[in-house]
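Colleague: Show me the folded form of this:
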Amino acid sequence: MNIYICEKFPSARVSHGFFGRQGGVSEGIYESLNCGQGSGDDPAHVEENRARVAAKLGVGRARLLSLYQIHSDVCLRVTEGWEERPEADAHVTDRPGLALSILTADCAPVLFYGEKDDGAPVIGAAHAGWRGAFGGVLESTVGAMKDLGAKPASIRAAIGPCIAKASYEVDDGFVQRFIETDEANEHFFGAAARAGHAMFDLAGYAAARLARAGVKNVSILDLDTCADEAAFFSYRRKTHRNEPDYGRQISAIVINS
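Modeller: Numbers count the residues shown, from 1 in each chain. Reported below is the predicted structural model:
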């Protein structure tokens with residue numbers, strides 16, 4: 001498996017990882033650690049892949065929780081596991097042994113760690129594509145962590161592998177949507193080779209939203225899912241190739257029991 005971590009998360013308190021596409025049993029376009037329950041992959045392969053991830057995190061398969069992601073700002077407070085995935089794009093908990101996960105294939109997975117006044121951990125995980133980040137999912141996650149008792153100054157976030165600015169071409173209408181909301185958003189766009197287009201810095205935009213939400217400790221892993229085919233799945237790469245489907249990589253965090 002290729003697993004990426006944030007050194008700023010205390011390993012004695014939590015286990016976490018941004019998992020790439022290697023180390024699973026899926027085949028073909030899903031090779032090999034596809035954890036996407038909504039993909040067209042063999043469900044048995046997906047379940048085995050998720051079991052391998054759960055084992056790496058030190059939890060049972062049923063404790064690796066995923067959401068039915070809808071590109072929203074909805075963040076759930078988790079107190080127990082579930083069988084049917086609820087619709088949301090972020091979740092938080094202060095309960096040990098519940099692994100909060102996010103599935104991505106170019107969108108930014110963001111993992112969170114914070115502490116209460118007594119030092120007890122509070123964790124979160126958010127799915128931040130452009131729509132979710134623009135709509136406030138990161139702020140919703142920070143707010144939910146505070147509601148659970150996390151001290152604002154203790155909250156730190158890590159932005160995992162996602163599509164990088166060099167790979168993320170958007171049209172002028174996309175740019176205008178951001179600039180009309182805040183002229184300072186122009187900073188996250190650069191020149192593109194094609195007229196009427198620009199290159200968008202999703203990770204940088206997400207980091208700025210976190211900073212405005214009061215998160216002073218933000219790490220960006222700076223790994224491009226679209227450019228690195230050997231390491232990551234990518235929706236945009238699938239689109240360029242007109243492939244029928246794509247795998248999803250998983251990112252997760254759990255409070256150690």
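Colleague: Spatially, what comes nearest to the residue nearest the centre of the chain if we skip its sequence neighbours?
Modeller: Nearest to the geometric centre of the chain sits P109, at 1.2 Å (CA atoms, centre = their mean). Distance criterion CB to CB, 6 or more residues apart in numbering; nearest residue to P109, sequence neighbours excluded, is S251 at 3.7 Å. Where you see a C-beta, it was placed from the backbone N, CA and C, and this is true even at glycine.
Colleague: ok, now G196?
Modeller: Ranked by CB to CB, 6+ apart and with sequence neighbours excluded, the top spatial neighbour of G196 is D172, at 5.1 Å.
Colleague: Where does the prediction get shaky in the protein?
Modeller: Scanning the chain for pLDDT under 70 picks out no residues.
Colleague: C162 reaches C107, doesn't it?
Modeller: Yes - checked against CB atoms under 8 Å, the pair C162 and C107 is within contact range at 6.2 Å.
Colleague: Now the common contact residues for those two.
Modeller: Shared contacts of C162 and C107, defined by CB atoms under 8 Å, 6 or more residues apart in numbering, comprise L202.
Colleague: that older thread, and the gap between the residue nearest to G196 and K165?
Modeller: 17 Å (CB to CB, to the nearest Å).
Colleague: same question, G119
Modeller: From G119 to K165 the distance is 38 Å (CB to CB).
Colleague: the more surrounded of those two?
Modeller: K165 (18 against 9; other CB atoms under 10 Å).
Colleague: which parts of stretch 234-247 are buried?
Modeller: Counting neighbours by 16 or more other CB atoms under 10 Å, one finds that the buried residues in stretch 234-247 are S234, Y235, R236, R237, K238, Y246, G247.
Colleague: what helices or strands is the longest helix along the chain leaning on?
Modeller: Longest helix in the chain, counting residues (DSSP state H): helix 43-57. Helix 43-57 sits against strand 14-19, strand 64-65, strand 99-104, strand 249-255, with contacts defined as 3 or more CB pairs under 8 Å, 6 or more residues apart in numbering; DSSP states H and E.
Colleague: Mind listing residues that contact it?
Modeller: Contact with helix 43-57 is made by 1, 3, 15-17, 19, 23-27, 30, 32-37, 39, 60-61, 63-64, 99, 101, 250, 252, 254, as judged by CB under 8 Å, 6+ apart.
Colleague: hey, C-alpha coordinates of that helix in CSV?
Modeller: Extracted in CSV, the C-alpha atoms of helix 43-57 (Å, rounded to 0.1, in the frame of the first residue of the first chain):
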residue,chain,number,x,y,z
PRO,A,43,-18.4,-5.5,-4.6
ALA,A,44,-16.3,-8.4,-3.1
HIS,A,45,-13.1,-6.7,-4.2
VAL,A,46,-14.2,-3.4,-2.7
GLU,A,47,-15.0,-5.1,0.6
GLU,A,48,-11.7,-6.8,0.7
ASN,A,49,-9.9,-3.5,-0.1
ARG,A,50,-11.8,-1.7,2.7
ALA,A,51,-11.0,-4.6,5.1
ARG,A,52,-7.3,-4.1,4.4
VAL,A,53,-7.6,-0.4,5.1
ALA,A,54,-9.5,-1.0,8.3
ALA,A,55,-6.8,-3.5,9.4
LYS,A,56,-4.1,-0.9,8.7
LEU,A,57,-6.0,1.6,11.0
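Colleague: and it with strand 249-255, angle?
Modeller: For helix 43-57 against strand 249-255, the angle by axes from the mean of the first three to the mean of the last three CA atoms, to 10 degrees is 40 degrees.
Colleague: Which secondary structure element is home to S32?
Modeller: Assigned by DSSP states H and E, S32 falls within no helix or strand.
Colleague: List the contacts of the nearest residue to it once chain neighbours are set aside.
Modeller: Using CB to CB, 6+ apart and skipping the chain neighbours, the partner closest in space to S32 is G24 (4.1 Å). When contacts are counted by CB under 8 Å, 6+ apart, G24 touches E31, S32, L33, N34, C35, H45, E48, N49, R52.
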